[in-house]
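Peer 1: make a model of this:
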Amino acid sequence: MAQAEMSKHNVAVWFEIPARDFARAKRFYETVFGVRLTDERMGDHVLGVFPHAGDAVSGCVMSGPGYAPAGDGAVVYINAGADLSGALSRVEAAGGKVALPKTFLSEEIGYFAHFIDSEGNRVGMHSLH
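Peer 2: From the prediction side, this is the model:
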């Protein structure tokens, strides 16, 4: 794909967050983000797909052979809505840990935070406020 063509599309197209205990991880993300993940299967793998509309970028929590949680790799950022404070406040009660509190980037970009999920993955969240 040429540079000009790529700039017309999202760079990221899908993400998978590894889980050892699928039910626990699904419950964690549903609690923190206040959403319902859709269960799907692909062979030996089970997925909890985040809600999305049309061709919007989305992803899933995924459990199965070859998927091992890690706290030291690529960081996926999940949209936390208008203000990430609400989602971040539910992390510890849901079984995770806040790794980096709500941090201001700029007026144009907004805020971000990092948490360690119920499986040990480092994940980011983002909001404009």
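Peer 1: what helices or strands is the lengthiest strand in the chain leaning on?
Peer 2: When the chain is parsed with DSSP state E, its longest strand is strand 97-106. With contacts taken as 3 or more CB pairs under 8 Å, 6 or more residues apart in numbering; DSSP states H and E, strand 97-106 sits against helix 85-89, strand 110-116. Placement of C-beta: from N, CA and C, glycine included.
Peer 1: the last one relative to strand 97-106, how many degrees between them?
Peer 2: Interaxial angle, strand 110-116 versus strand 97-106 (axes from the mean of the first three to the mean of the last three CA atoms, to 10 degrees): 170 degrees.
Peer 1: got the contact list for strand 110-116?
Peer 2: Strand 110-116 is contacted by residues 32, 71, 75, 77, 83-84, 88, 91, 96-105, 122-129 when judged by CB atoms under 8 Å, 6 or more residues apart in numbering.
Peer 1: then the first one?
Peer 2: Helix 85-89 has contacts (CB under 8 Å, 6+ apart) with V32, F33, G34, A80, G81, V98, P101, K102, A113, F115, M125.
Peer 1: quick one: A53 is in a helix?
Peer 2: No. The assignment for A53, made by DSSP: H, G, I helix; E, B strand; the rest coil, is coil rather than a helix.
Peer 1: leaving aside the residues next to it on the chain, what's closest to the residue positioned nearest the centre of the chain?
Peer 2: The residue lying closest to the centre of the chain (CA atoms, centre = their mean) is I78, at 4.3 Å. Distances taken as CB to CB, 6 or more residues apart in numbering put M125 closest to I78, at 5.2 Å, once the chain neighbours are dropped.
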